[in-house]
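> Got a predicted structure here, sequence first:
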Amino acid sequence: MKYIYNDSTIAFVTAAAQTCLLIEHAGEHERNEWREQMLRLLPVLYLRARLLEKSEAILEDEPQRFVTEEDYNYVLIGMRDLLGQDDAYLDVFVDQGIYTDEIRTAYISEGLADIYQELKDLAAAFQTEQEDIMHDAVVVCREAFEAHWGQKVLVVMRALHESVSATY
């Protein structure tokens, strides 16, 4: 079980837990302060995920999903309320890795809620204190990072950067 106790995994899980806390408590912050904190934390999260070593799942079944629809909606609404009109941004639509001319409205809150779902499932798996479950949760989260939420971190960072820069 060296994988779940190595430095890169511990650093990633720590960054994931910090991100979850900041997202869960969005309503307790002032908008600009929260955006600044998120802009400091998201690059760390991205880097920590990028530095994770690859590993193979141990268990045959997919890890349990812990985040419910109610949990997802709670954090989504909290961030949407906090960000207000700064939540929406224009994004270029990407279909299967191919950029198109289609521009769509996207939302910081939705991107972060999607990221939260992956990270919170990981954090909840670690709370089980069952090493095989913890190991596979890291493997699944890392694979999901490569497949989709890593790109969401970058897009959300760009949108947050623009919204913060507009206030100066």
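Sure thing, it's come through.

> so Leu59 sits right up against Gln130, yeah?
No: with contact defined as Cβ atoms under 8 Å, Leu59 does not reach Gln130; the gap is 9.8 Å. The way it works is simple: take the backbone N, C-alpha and C, and place the C-beta from them, glycine included.

> how close does Glu162 get to Tyr72?
Plainly put, Glu162 is 25 Å away from Tyr72 if you go by Cβ to Cβ, to the nearest Å.

> Of the two, which one has the most company?
Here Glu162 and Tyr72 are set side by side on neighbour count (other Cβ atoms under 10 Å), and the busier one is Tyr72, at 16 against 13.

> for that one, what are its contacts?
The neighbourhood of Tyr72, defined by Cβ atoms under 8 Å, 6 or more residues apart in numbering, consists of Ala113, Tyr116, Gln117.

> Kindly report the same for Glu56.
Here Glu56 is in contact with Val139 (Cβ under 8 Å, 6+ apart).

> Tell me the secondary structure of it, please.
coil (DSSP: H, G, I helix; E, B strand; the rest coil).

> Likewise for Arg104?
strand.

> Glu129 now?
From three-state DSSP, the assignment for Glu129 is coil.

> Please report phi then psi for it.
phi 60, psi 20 (degrees, to the nearest 10).

> Just give the number of residues close to it.
Here the neighbour count serves as a burial measure; for Glu129 (other Cβ under 10 Å) it reads 8.
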